[in-house]
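Chemist: sequence-free structure coming up:
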């Protein structure tokens, strides 16, 4: 049974491995992985070809050795004939005995040659099949790399478009807030102008105190009285009816409103 500390350590180790795998997945480029796999397959193909060359070399060495033994056997055959022609049967027998021993060696070499030849043929077939597989993998590799590159480019373009859309959205909101703020400021400025024009607010650029305000009011009242008097004078010079209408006003103003 695991102790609590050991269990905690196992969990921490598992979390660390999971994090490391995620980091490796993000850092891994499938194109590099495909190229590495292709290189390994080429290495294996090279090893197989070297094996074929080694087996072919061994076969050729056996063939050369067999040719040498065959020449020696032919020579002994000739010597045996020569010995018999000279009546030396023992010498001919010795030559034929040696030739028989060479024949056994040639038989063994032939067996080895047949085995090596068969092995060489199998290796050649394996090499050809492996070469076909490697070439097919190379084609698939390049196709996958091109597809990945295109997908990566499309993803980057999509992310860029998404980023531009987000920026445009933020810019639109910022612009809308700026327009709202400008409209509010313009409305406030217009309201202040209307209030200043109506006199409800004093123009802060030309401050006026209370005394000056009263003097301005008296001045305005006097101006109105003067204009009213001028109108009355004009009406008084206009005819009798105008005089009759003007006299009571004069008498009232002279007597303070008492009867004659």
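Modeler: Thanks, I have it. The model shown is predicted, which means the values in this text are computed figures rather than measured ones.
Chemist: Let me see the ranges of the strands in the stretch 1-150 of the chain.
Modeler: In the stretch 1-150 of the chain, no segments count as strands under DSSP state E, counting those that start in this stretch.
Chemist: Where does the prediction get shaky in it?
Modeler: Residues of the stretch 1-150 of the chain that meet the criterion pLDDT under 70 lie in 1-27.
Chemist: in it, which spans are helices?
Modeler: Assigned by DSSP state H, counting those that start in this stretch, the stretch 1-150 of the chain shows helices spanning 4-27, 30-85, 89-198.
Chemist: Tabulate these (TSV), appending distance to residue 236 and mean neighbour count.
Modeler: Any C-beta I mention is one placed from the backbone N, CA and C, and that applies to glycine too. Formatted as TSV, these follow (distance: least, CB to CB, whole Å; neighbours: other CB atoms under 10 Å):
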stretch	distance to residue 236	mean neighbour count
helix 4-27	105	10
helix 30-85	111	14
helix 89-198	36	12
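Chemist: would you list those in a markdown table and tack on distance to residue 224?
Modeler: Output for the helices of the stretch 1-150 of the chain, formatted as a markdown table (distance: least, CB to CB, whole Å):
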| stretch | distance to residue 224 |
| --- | --- |
| helix 4-27 | 88 |
| helix 30-85 | 95 |
| helix 89-198 | 19 |
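Chemist: Of all these, which one comes closest to residue 230?
Modeler: Smallest distance to residue 230 across those (CB to CB): 27.8 Å, for helix 89-198.
Chemist: list the helices and strands that closest one packs on?
Modeler: If you count contacts as 3 or more CB pairs under 8 Å, 6 or more residues apart in numbering; DSSP states H and E, helix 89-198 packs onto helix 30-85.
Chemist: chain center to the helix it packs on, what's the gap?
Modeler: 54 Å (CA atoms, centre = their mean, to the nearest Å).
Chemist: angle of that helix against helix 89-198?
Modeler: Orientation of helix 30-85 against helix 89-198 (axes from the mean of the first three to the mean of the last three CA atoms, to 10 degrees) gives an angle of 170 degrees.
Chemist: Helix 30-85 - contacts with which helices or strands?
Modeler: Counting by 3+ CB pairs under 8 Å, 6+ apart, helix 30-85 packs on helix 89-198.
Chemist: Downstream of the helix it packs on, the next helix or strand is which one?
Modeler: helix 210-236 (DSSP states H and E).
Chemist: mind checking how far that following helix is from the chain centre?
Modeler: 83 Å.
Chemist: pLDDT (mean, whole number) over that helix?
Modeler: Averaged over helix 210-236, pLDDT sits at 79.
Chemist: per-residue pLDDT, the residue sitting nearest the centre point of the chain?
Modeler: The structure's the chain has its C-alpha centroid closest to residue 156; by CA atoms, centre = their mean the separation is 3.9 Å. pLDDT recorded at residue 156 is 84.
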